[in-house]
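In: have a look at this prediction, sequence included:
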Amino acid sequence: MNKKTQEAKILKGCRAGKARYQQMLYELYYGKMFSVCLRYSRSREEAKDVLHEGYMKVFSGIGNYKGDGSLEGWIRRIMVNTAINHYHKNKKLKDTFSIEDEYDEVAEHGHLTEEDVIQQMAYDDLLNVIRTLPPAYQTVFSLYAIEGYNHREIAEMLHISEGTSKSNLAKARKKLQKQVQELLSQKAHFQNV
């Protein structure tokens with residue numbers, strides 16, 4: 001059975017409210033969606049909470065999926081929106097990061113680029129480094145660098161200005177570059193020992 005046929009069968013069963021088909025849909029996209037949730041969470045447990053909340057929204061809204069675009073993309077959008085809502089609910093330092101913060105330009109000579117980082121690090125290492133960022137930086141970085149949203153879209157989603165989005169991204173990149181350079185230095189040291 002090809003993927004389209006499998007998805008159609010699963011969709012029909014989910015729309016009928018059959019638990020077996022809901023489980024099949026959950027398992028079909030679990031890995032990819034858990035990865036999305038991890039990018040917006042401070043821990044695996046928090047990511048699981050976001051994932052489960054997101055899937056509840058998927059199952060309750062499955063009748064709204066019209067088949068425009070991929071099912072995976074529709075589910076991913078729900079997971080990202082659920083993660084953002086979770087972020088808003090748990091935001092503790094709401095006004096800590098503002099447009100008045102100094103805007104740092106990161107792409108300076110001698111620093112690692114994002115492409116260099118991705119090529120040199122395992123996914124888990126990069127994810128762990130991203131998780132050390134303050135929540136506002138982590139969310140903007142994930143939305144921009146990983147999900148591909150622009151600053152206008154991020155500003156609307158997070159209820160911040162575009163300038164704040166740009167500032168938070170620049171600061172996130174600067175912190176990530178420093179942490180990645182330290183991590184790579186440590187790895188190089190241990191490989192030479």
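Out: Received it, and whenever you're ready, just let me know what you need.
In: check contacts around residue 22.
Out: 13, 14, 59 (CB atoms under 8 Å, 6 or more residues apart in numbering). For every residue, glycine as well, the C-beta is placed using N, CA and C.
In: pull out the buried residues from the helix or strand the first one falls within.
Out: Under the assignment given by DSSP states H and E, the secondary-structure element containing residue 13 is helix 3-15. Buried positions in helix 3-15, judged by neighbour count with 16 or more other CB atoms under 10 Å: 7, 10, 11, 13, 14.
In: what's the answer for stretch 128-138, then?
Out: 129, 130, 131, 133, 135, 136, 137, 138.
In: tabulate the CA atom coordinates of that stretch in CSV.
Out: Output in CSV follows, covering the C-alpha atoms of stretch 128-138 (Å, rounded to 0.1, in the frame of the first residue of the first chain):
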residue,chain,number,x,y,z
ASN,A,128,20.8,20.3,23.5
VAL,A,129,22.6,23.6,22.7
ILE,A,130,19.4,25.2,21.4
ARG,A,131,17.6,24.2,24.6
THR,A,132,20.1,26.2,26.7
LEU,A,133,18.8,29.4,25.1
PRO,A,134,16.3,31.6,27.0
PRO,A,135,12.8,30.7,25.9
ALA,A,136,12.2,33.8,23.8
TYR,A,137,15.5,33.2,21.9
GLN,A,138,14.9,29.5,21.5
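In: least confident secondary structure element in this structure?
Out: helix 114-120 (a mean of 51; mean pLDDT, DSSP states H and E).
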